[in-house]
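Student: A structural model of the following input is requested.
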Amino acid sequence: MSKRASANDGRRRPAALRRAMSRRADRRIAVMALAAGLVCGSARADDTALRAVLFGSMEAGASVFSSSGVKLVFDRFDRDGPVVLVTAGGGGRPEGGGRSPVLMRLTALGSALAGYQFIQDWGAVTVFAGLEASREALSGSGFVQAMPLRTGLRLHGEVWARPTETTLATATVILGSARSDAYARLSWGMALFGAYLGPEAAVYGDATDYRKWSVGLHATDYAMGGYRFRLSAGCQLETPLNQWSPYVSLAIWNAL
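Tutor: Numbers count the residues shown, from 1 in each chain. Model (predicted):
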């Protein structure tokens, strides 16, 4: 019995060993294939065009507002196609004055928009539409009054045009129903010192009778370390305070 068992074991062990070695080889091949696929996939991803842009901005003056978000395309940024824009931000501005107490209106705002970009030799036109949500609160001396969440529709349009090889003109229009507000900005610039330098003008208003007019100078599309910047500064007039004050704004974006 023991001799037959040892003989059978001798015959079985090579077969079992071969099967184990075969399974190990199969696993090694699978791992190598997966690694090769990841490497090739990374190489293909590096060869494809960029599909996402992360951005952030802040404007500081008598009022302060900052936002950040992401812009996504499903093909390439240099081709016609659908676009998605998701943003979130917040800030505050003073209200009142004169016979009324000075209050601070705090605002949080977010939106998710879908749209389409049209690429031409002279530039790009992009239109968006989607949903937005806003929450506000009034803060005064010793009290905070929170307001209910408001939702609505948002329309957003942008034009980036290069009338000549050394000039850049931009236009932005945003309309929202959550706060019944509207914003528009125009700018023009000439290529100097690694950016487009020139004048800008903007206007904003909402259902609270707040209005803001801004005029200033900007430097747009300055590149540094993989990031691009837009810096502007000037003067703005806000109502109902009816006071001119300086402002500065900064925007940063990075293509992934």
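Student: Gly123 reaches Arg162, doesn't it?
Tutor: Yes - under the criterion of C-beta atoms under 8 Å, Gly123 makes contact with Arg162 at 5.4 Å. (C-beta placed from N, C-alpha, C; glycine too.)
Student: mind listing the helices for the stretch 1-150 of the chain?
Tutor: 2-47 (DSSP state H, counting those that start in this stretch).
Student: low-confidence stretches in it?
Tutor: Counting by pLDDT under 70, the stretch 1-150 of the chain has low-confidence residues at 1-50, 97-101.
Student: tell me how far Arg150 lies from Tyr196.
Tutor: To Tyr196, Arg150 is 37 Å away according to C-beta to C-beta, to the nearest Å.
Student: swap in Thr172?
Tutor: Thr172 is 15 Å from Tyr196, by C-beta to C-beta.
Student: what of Arg79?
Tutor: The gap separating Arg79 from Tyr196 is 23 Å, by C-beta to C-beta.
Student: more neighbours: those two, which one.
Tutor: Tyr196 (23 against 10; other C-beta atoms under 10 Å).
Student: got a list of what that one touches?
Tutor: 167-168, 189-190, 218-221 (C-beta atoms under 8 Å, 6 or more residues apart in numbering).
Student: give me the buried subset of those residues.
Tutor: Buried members of the contacts of Tyr196, counted by 16 or more other C-beta atoms under 10 Å: 168, 189, 218-221.
Student: from the residues you listed, which two are the most distant?
Tutor: Farthest pair in these (C-beta to C-beta) is Leu168 and Ala219. Separation: 10.9 Å.
Student: mind listing the shared neighbours of these two?
Tutor: Counting by C-beta under 8 Å, 6+ apart, the common neighbours of Leu168 and Ala219 are 189, 196.
Student: need the nearest residue in space to Ser134, chain neighbours excluded.
Tutor: Nearest residue to Ser134, sequence neighbours excluded (C-beta to C-beta, 6 or more residues apart in numbering): Ala178, at 4.4 Å.
Student: and what of Asp209?
Tutor: Pro240 (6.5 Å).
Student: quick one: that neighbour from Ser141, how far?
Tutor: On the measure of C-beta to C-beta, Pro240 and Ser141 end up 19 Å apart.
Student: Leu149 too?
Tutor: Leu149 is 26 Å from Ser141, where distance means C-beta to C-beta.
Student: show me what counts as buried in the host helix or strand of Ala201.
Tutor: Per DSSP states H and E: Ala201 is located in strand 195-205. Neighbour counts over strand 195-205 (16+ other C-beta under 10 Å) mark 195-198, 200, 202-205 as buried.
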